[in-house]
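Asker: Need the 3D shape of this:
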Amino acid sequence: MNQEVKMHETMRVGILLAFVGGFLDVYTYLLRGGVFANAQTGNMVLLTLQISQGHFVQALYYLVPIIAFFMGAVVTEIVKKHDYWHEYVLVIEIILLFGVGLYPLSYPPIIVNSMVSFICAMQISSFKKLHGFAYATTVCTGNLRSAAENLTAYCLHHHQESKIKCLSYIIIIGSFCFGAIMGSTLISYLSIYAVWICSGVLSLVLVILIKDNLADFLMINNFFKSEKIESK
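Answerer: So this is what the prediction gives:
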């Protein structure tokens, strides 16, 4: 737990991303057809249910977001080949969320829900670790299980690392829930435009990562300058 942590794995980034995850879940549920677009388990269950009942047209309502989620993961793997790919992912998310806010309520929600599914796939595929251990920012199930496992490990064996992990998971879950609360509150004032709050939060994460990259660049640059001076 004492090794140097990459900026995209820090708690501050995790808290902000989890806030966005909770916000988006409430946003799609309250404004975009009563669905949770972040995870696809429910969509898969409802898809198979519609197919088993012979409702093939209705099944498309759940199939399209599943495909969008799949494609979001694929695109992320492609983007990973580039330097600073976390920043590219954030830029894509920010732009798409801005587009979500422009999508009228009078239009079918399947398009915007698919966009959110795509966004969440990119986020969950890009930000997988918190201080080196696995977590998620768009769903809570795995975090809740991990919190319980580490709490039990701490109570039984008194490992400080398990205690820290448990508290970290609880903080992420709390941020997710806070995002949901803020989403519910702001939607009543801003309606569809409330999702732009998520664009703003992700922009803050982007600034944090860019600032960290710039600091690393300046450090390396200063190192080479000092080497040149010493060689003289």
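
Asker: Name the residue closest to the centre of the chain, please.
Answerer: residue 123 (3.9 Å; Cα atoms, centre = their mean).

Asker: for that residue, what are its contacts?
Answerer: Going by Cβ atoms under 8 Å, 6 or more residues apart in numbering, residue 123 touches 17, 20-21, 89, 93, 137-138. Where you see a C-beta, it was placed from the backbone N, CA and C, and this is true even at glycine.

Asker: Reformat those as a markdown table; add secondary structure, neighbour count and pLDDT.
Answerer: Shown next, in a markdown table, are the contacts of residue 123 (DSSP: H, G, I helix; E, B strand; the rest coil; neighbours: other Cβ atoms under 10 Å; pLDDT from 0 to 100):
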| residue | secondary structure | neighbour count | pLDDT |
| --- | --- | --- | --- |
| 17 | helix | 28 | 98 |
| 20 | helix | 29 | 98 |
| 21 | helix | 26 | 97 |
| 89 | helix | 24 | 97 |
| 93 | helix | 25 | 98 |
| 137 | coil | 28 | 96 |
| 138 | coil | 26 | 94 |
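
Asker: what two of the residues you listed are the furthest from one another?
Answerer: Spatial extent of the contacts of residue 123 (Cβ to Cβ) is set by the pair 21 and 89 at 14.3 Å.

Asker: quick one: the helix or strand hosting the residue nearest to the centre of the chain to chain centroid distance?
Answerer: In the assignment (DSSP states H and E), residue 123 maps to helix 110-126. Here helix 110-126 is found 9 Å from its chain centre; the criterion is Cα atoms, centre = their mean, to the nearest Å.

Asker: three-state assignment of residue 5?
Answerer: Here residue 5 is coil, with the state taken from DSSP: H, G, I helix; E, B strand; the rest coil.

Asker: Distance check, it against residue 134.
Answerer: 14 Å (Cβ to Cβ, to the nearest Å).

Asker: Have a look at those two and say which one is more surrounded.
Answerer: Each of residue 5 and residue 134 has its neighbours counted (other Cβ atoms under 10 Å); residue 5 has more, 15 against 10.
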